[in-house]
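# test case, fold it:
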Amino acid sequence: MMMLRAALLTRIMGVVSFCEVASGRSNASCAQNAMLMLQTKTHTSLAGAKSPMPYCGVAVDVYDCGQAVEDVGESFATMCMGYGGTHPPTWEGKSSEDRDMCTLNMNNDCDHWYQDSESGEWRCAQNYGISKNPEECHGQYLFLWDEPQTQGRDAVWAATQWKAHVARWRSQLLTARNQGLRVTSPAFTDHGGPARQKFQDFFSACPECDDPSSVYYIDVLAMNQWLLDDASEHPQQEVWIKEETEAISSNNRNRPVVLMNFGWLGAETADQQAQIISNSRIFDPAWSGLEAVFYFAATDFGGGTRNNFLDTATSDGSTIGQALQQRCQGATASGDDSGGGVAVALECDAACQHAGFSSSCRSRISWTMSQPRSPSLHFALNLVNDECSYQCRCNENDFAVTTMPCDSSCHRDGHSSSCHSRVRWLLRQQDSQGVESALERVNAECIDQCHCTDSDLSQVDV
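Modelled structure (predicted):
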């Protein structure tokens, strides 16, 4: 177990060291943030660690994510990018439920609408999403701005605007991250210069965004890429996208990469879009190296793409949405869908080879939680599932032991006392972190011996 302990401490202290150098903050402050930030650096969905994160998503017109889910199914409910939007048109039957609270947008996010004094037209008083509380995002990602360069801005502007957003919503963002939300970079393209340079400019303007212990940290790199021109050229274009993905990830701390927009740019028929959905290797997570890909099913302003919407029918009567459902069924960010699209179920008790040591995910999580500064079960799950991806995987249900009484004896470190007594002892310590932390620690240390819940503790105990 010494090697596993060294691997854990090395990982945490590496984050702490970077934080101290980059920000000048204290070791204690950086360590606290490191523990929090490492909790969210795995592919854990907001529904819990039980289900791997979907690989496929959709990018649709503003206020249309609800309709998109009807077109392609509930598996896309947390994987829809709807280009922001703060003031849905109620006269078109839209409501506050149709707002995209997971995307900050430069054109559709408004402080209010006003009537232009000269033209008489109603206009959006743009606020770039600054009014959006991250806790109201219930998707997999919080998307930063789509193609700043195309909208007359640049990467430095995006970095500055992100700092302003975090300054307003710091505590809410920390809470959302702790619940599994991950933040993407702005979606950069090669329009107006290489995407690689835009990523460099963004992180140069926001060093905190490159600090894993900082609340500003960018978890995922986002870009937009397309297949162009004749279908015969697509295989080589796919290779280019794959190589670009690898290079951008490698240049930026090996972060995962998502395509926030992908499709056949300039295609005019639904058959063409269905063709690339069915055949493009970009939709194969085992080949592409991407964490996720979002099919572009929105109105194309300037690229000439037509008939690309989810409900658009192909020549055989099926829809693009149905083609996407069929291709993406079972495809996950942490699984290989090359064998028909079904991800392999990973067992909690399967062996994991990591840092020169072999033990199950269950053993690693139990050991992690038994350390003197015991992290939460949520943290231990994320840490171990990340280190042992493709080998084993646990979720909270694997540790929901309820059959052992709270007052049964637990033999540990040469001492025998009940879980109840151990919890009470932790709560009396000066550095006690509360009931939840004490329960998690004792239940992890005494697995298969005793187990306590809130209901086992009296008012006197707490």
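
# from the chain's centroid, how far away is the helix or strand hosting residue 441?
Using DSSP states H and E, residue 441 falls within helix 435-445. When distances are taken as C-alpha atoms, centre = their mean, to the nearest Å, helix 435-445 is centred 27 Å away from the chain's centroid.

# for this structure, which element, helix or strand, carries the lowest mean pLDDT?
Using mean pLDDT, DSSP states H and E, the weakest-scoring helix or strand in the chain turns out to be strand 44-45, at a mean of 35.

# related to what we said a few turns ago, got the CA coordinates for the helix holding residue 441 in CSV?
Extracted C-alpha coordinates of helix 435-445, given in CSV (Å, rounded to 0.1, in the frame of the first residue of the first chain):
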residue,chain,number,x,y,z
VAL,A,435,-21.1,14.4,11.0
GLU,A,436,-21.0,13.6,7.3
SER,A,437,-17.2,13.5,7.2
ALA,A,438,-17.0,11.4,10.4
LEU,A,439,-19.5,8.9,9.0
GLU,A,440,-17.7,8.5,5.7
ARG,A,441,-14.4,8.0,7.4
VAL,A,442,-15.5,5.4,9.9
ASN,A,443,-17.7,3.5,7.5
ALA,A,444,-14.8,3.3,5.1
GLU,A,445,-12.3,2.2,7.8
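
# show me what it is packed against.
Under the contact criterion of 3 or more C-beta pairs under 8 Å, 6 or more residues apart in numbering; DSSP states H and E, helix 435-445 touches helix 361-369, helix 377-387, strand 409-412, helix 419-428. Heads up, the C-betas are built off the backbone N, CA and C, glycines and all.

# these: lowest mean pLDDT?
Ranked by mean pLDDT, the helices and strands packed on helix 435-445 end with helix 377-387 at the bottom, a mean of 79.

# packing partners of it?
Against helix 377-387 (3+ C-beta pairs under 8 Å, 6+ apart) you get helix 2-23, helix 27-38, strand 44-45, strand 48-52, strand 351-354, helix 361-369, helix 435-445.

# tally up the residues packed near the residue lying closest to residue 60 once chain neighbours are set aside, please.
Closest residue to residue 60 apart from its sequence neighbours, by C-beta to C-beta, 6 or more residues apart in numbering: residue 68 at 4.6 Å. Residues within reach of residue 68, counting by other C-beta atoms under 10 Å, total 26.

# hang on, the earlier thing: among the helices and strands packed on helix 435-445, which is nearest residue 105?
Evaluated over the helices and strands packed on helix 435-445, closeness to residue 105 peaks at helix 377-387, with 29.4 Å, by C-beta to C-beta.

# just the mean pLDDT for the helix ranked longest in the chain, thanks.
Assignment by DSSP state H gives helix 155-178 as the longest helix of the chain. For helix 155-178, mean pLDDT rounds to 96.

# re earlier: list the buried ones in the helix holding residue 441?
Buried residues in helix 435-445, counting neighbours by 16 or more other C-beta atoms under 10 Å, are found at 435, 438-445.

# list the contacts of it.
Helix 435-445 is contacted by residues 365-366, 369-370, 374, 376-377, 380, 399, 401, 410, 412, 419, 422-423, 426-427, 432, 451-454, 457, 462 when judged by C-beta atoms under 8 Å, 6 or more residues apart in numbering.

# and the angle from it to helix 361-369?
With axes from the mean of the first three to the mean of the last three C-alpha atoms, to 10 degrees as the basis, helix 435-445 and helix 361-369 are set at 130 degrees to each other.
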